[in-house]
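In: Got a sequence here, can you build the structure:
(one chain, ligands or ions: 1)
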Amino acid sequence: MNKITAAITAVQGYVPEDILSNEDLSKLVDTSDEWITSRTGIKERRIMRNGASSDMAAAAVKQLLEKKGIDPMDIDLVICGTVTPDHPFPSTANILSDKTGMKNAWSFDVNAACSGFLFALATGSQFIETGKYKKVIVVGVDKMTSIVDYQDRTTCVIFGDGAGAVLLEPNSEGLGLQDFILHSDGSGREFLVQPAGGSLHPASIETVENRQHYVKQEGQSVFKFAVTNMADVSAKIMEKNQLTSDDVQWLVPHQANLRIIDATANRMGLSKEKVMINIEKYGNTTAGTLPLCLWDYEKQLKKGDTLILSAFGGGFTWGAIYLKWAYNS
Ligand code: UT7
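Out: Next comes the predicted model:
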């Protein structure tokens, strides 16, 4: 009997309608379209004015189930990567399952910042590979505007809101997830953090006045770690699986900064045409970036294509997944 692998059999994204352009931001803080474009590659991002992460996730999942004609009651497990949950608890995955009628599924959140979707995808795939489950939903969603400080020009220009969801099902043709390398290093926690609102610094008048409920990022330090580790891990997964640059059809990189994406692609020996990029229209949606890339490029993907998904984020967390695309759309 052939080995069972976990294949992505559908993908769906959701982004809010409202656009916040570089021009709009230059009216809020001392910045310019020229600075943001040249330093990050971002031109605009989507912002959610009303609602929560679970609403974006639910919009993506509902459309995904509809287009596949799947009854929500048939979903076994739901894993949601997010750092902007609706509440510290219950999990956004629990709320999402309720809002979409996935009542037979158990569900939980994965907190791995920008690597959230990678970590969730690797986790979900295990339940398919063992034969335990037939249908697993993996989501990456973040409403970054709920934790971005619009007085801090170094962070507010980067982030946006969005969600993406995939369905994992068993495959016996050798397609789907082939390998993953994942890492975390908590000693990087000071460089990219939401300082207050947890057990270390519970919400107080002081934490609010000191703006500690917003994302704090030491941009340059994170950049250095990101550029090295994302490139290293992407090269390593190719080496480990004896893949040359000719064997890889697509790099699916976390969309934090175009310069980090370029460095990763160069290290892998991939030309620009093989790199999924949508940072210019969504910015950094944290756990949302990878499934949103898959959604945007779905029509160009062919059954059997080799994809390397790669990310770096707060924690620090980082890693890469090697998979073979399982369908033509
Ligand atoms: O997704 C999770 C992981 N996160 C990342 O991977 C993000 C990694 N970091 C980055 O992408 C970049 O560090 C940033 C985009 C955040 C910043 O770019 P940078 O090239 O590292 O800029 P910088 O922080 O070194 O600042 C350079 C200059 C400074 O001015 P001086 O000191 O040279 O006069 C900043 O004050 O740019 C200034 N600056 C800005 N100017 C205009 C910082 N932010 C802005 C801004 N507009 N928005």
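
In: which residue packs closest to Glu280, ignoring adjacent ones?
Out: Nearest non-adjacent residue to Glu280, counting by Cβ to Cβ, 6 or more residues apart in numbering: Lys43, 4.5 Å away. All C-beta spots, glycine's among them, are computed from the backbone N, C-alpha and C.

In: and the one you found, how many neighbours?
Out: A count of neighbours around Lys43, defined by other Cβ atoms under 10 Å, yields 17.

In: and what of Ala163?
Out: Neighbours of Ala163 under the rule other Cβ under 10 Å: 33.

In: wait, what's in contact with it?
Out: Residues near Ala163 by Cβ atoms under 8 Å, 6 or more residues apart in numbering: 13-15, 53, 56-57, 59-60, 139-142, 285, 288, 291-292.

In: how does it look with 10 Å?
Out: By Cβ atoms under 10 Å, 6 or more residues apart in numbering, the residues touching Ala163 are 12-16, 48, 53-61, 80, 82, 96, 139-143, 285, 287-288, 291-292, 295.

In: related to what we said a few turns ago, which residues touch the residue nearest to Glu280?
Out: Counted by Cβ under 10 Å, 6+ apart, Lys43 has contacts 19, 21-23, 33, 36-37, 279-283.

In: same deal with Glu273?
Out: Applying Cβ under 10 Å, 6+ apart, one finds that Glu273 lies in contact with 249-250.

In: and it, how far is that from the ligand?
Out: As defined by Cβ to the nearest ligand atom, to the nearest Å, Glu273 lies at a distance of 23 Å from the ligand.

In: Ok, Val78 next?
Out: Distance of Val78 to the ligand, given as Cβ to the nearest ligand atom: 24 Å.

In: Then Leu64?
Out: Distance from Leu64 to the ligand, by Cβ to the nearest ligand atom: 25 Å.

In: thinking that residue is in contact with Gly13, fair?
Out: Yes - contact criterion Cβ atoms under 10 Å: Leu64 and Gly13 qualify, at 9.3 Å.

In: Which residue of the two possesses the greater neighbour count?
Out: Between Leu64 and Gly13, counting by other Cβ under 10 Å, Gly13 is the more crowded of the two (27 against 24).

In: May I ask you to confirm that the more buried one belongs to a helix?
Out: No - if the criterion is DSSP: H, G, I helix; E, B strand; the rest coil, then Gly13 is strand and not within a helix.

In: residue contacts, it?
Out: Applying Cβ under 10 Å, 6+ apart to Gly13 gives the contacts 56, 59-60, 63-64, 140-141, 162-166, 278, 282, 285, 288, 291-296, 298.

In: any idea how far it lies from Gly304?
Out: 23 Å (Cβ to Cβ, to the nearest Å).

In: low-confidence ranges in this protein?
Out: 1 (pLDDT under 70).

In: So which bits of it are right by the ligand?
Out: Applying Cβ under 6 Å from any ligand atom, we find that the chain lies next to the ligand at 31, 35-36, 39-40, 114, 153-154, 157-158, 219-220, 222-223, 226, 256-257, 260, 284, 312-313.

In: Selecting buried members of those residues in PyMOL, what would you type?
Out: Of the residues of the chain next to the ligand, the buried ones can be selected in PyMOL as follows, counting by 16 or more other Cβ atoms under 10 Å:
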select buried, resi 31+36+39+40+114+153+157+158+222+223+226+256+257+260+284+312+313
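
In: Need the residues touching each of Leu64 and Gly13.
Out: 164-166, 295.

In: Which one of the residues you listed sits in the busiest neighbourhood?
Out: In terms of neighbours by other Cβ under 10 Å, the shared contacts of Leu64 and Gly13 top out with Ala165 at 33 neighbours.

In: for it, what are its contacts?
Out: Counted by Cβ under 10 Å, 6+ apart, Ala165 has contacts 10-14, 56-65, 78, 80, 96, 100, 117, 137-141, 288, 291, 294-295.

In: Now, of those, which are buried?
Out: 10-14, 56-62, 64-65, 78, 80, 96, 100, 117, 137-141, 288, 291, 294-295.

In: Inside helices: which ones of these?
Out: Those of the buried ones among the contacts of Ala165 mapping onto helices are 56-62, 64-65, 96, 100, 117, 291, 294-295, per DSSP state H.

In: Reformat the contacts of Lys43 as TSV; add secondary structure.
Out: As requested, those are exported to TSV (three-state DSSP):
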residue	secondary structure
Ile19	strand
Ser21	strand
Asn22	helix
Glu23	helix
Asp33	helix
Ile36	helix
Thr37	helix
Ile279	helix
Glu280	helix
Lys281	helix
Tyr282	helix
Gly283	coil
